[in-house]
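Engineer: Build me a model:
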Amino acid sequence: MKQLLITFLSATLFLTACKKEEVTSTTPVNDTVDPNSTVVVMGNFIAGPYGSASGLAEVRRASNGSLTLVLKNFTVNSGPDLHVYLSKEVQPVNFIDLGLLRSVSGTQIYNINGNPDFSQFKYALIHCQRFNHLFGSAELKQ
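Structural biologist: I've put the predicted structure just below:
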């Protein structure tokens, strides 16, 4: 009985840990998008199993060829260790980590190193790295 209670409490803590802590900034970020850049792929965020996300994800190419991921009109629940990924799958196995999420709201720009193949990297994700919890995803299409 004691072992069952410990297992239940551990599982409950694990499943709710990303929802309870609030470590991502709640101060909105409002980066300025380069008006001369062009949209490569884009998609709308939908909620994941552990959070609620909304807004637009755009991969943009600047005139110098550099790529950025732009989150527009973006909001997501706060949580610990939230990262921004480009991923081949909606549950990240093969992904590019673009870094920590800067804020739970506002327009945000993340640099993309290299030139990933967007026929393979089809998703922008907001993911709790510490607990492997998906907060939101956007399927990227042309």
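Engineer: who's in contact with residue 92?
Structural biologist: Applying CB atoms under 8 Å, 6 or more residues apart in numbering, we find residue 92 in contact with 85, 125, 127, 134. Using the backbone N, CA and C atoms, a C-beta is placed for each residue, glycine as well.
Engineer: For it, what are phi and psi?
Structural biologist: In terms of degrees, to the nearest 10, the main-chain angles of residue 92 are phi -70, psi 120.
Engineer: can you pull the pLDDT of it?
Structural biologist: Per-residue pLDDT puts residue 92 at 96.
Engineer: For it, which non-adjacent residue is closest in space?
Structural biologist: Counting by CB to CB, 6 or more residues apart in numbering, residue 85 is the residue found nearest to residue 92 once chain neighbours are left out, at 5.3 Å.
Engineer: Of the contacts of residue 92, just say which sits nearest to residue 61.
Structural biologist: Using CB to CB, residue 85 comes nearest to residue 61 of the contacts of residue 92, at 19.3 Å.
Engineer: okay, the closest one: pLDDT?
Structural biologist: pLDDT, residue 85: 98.
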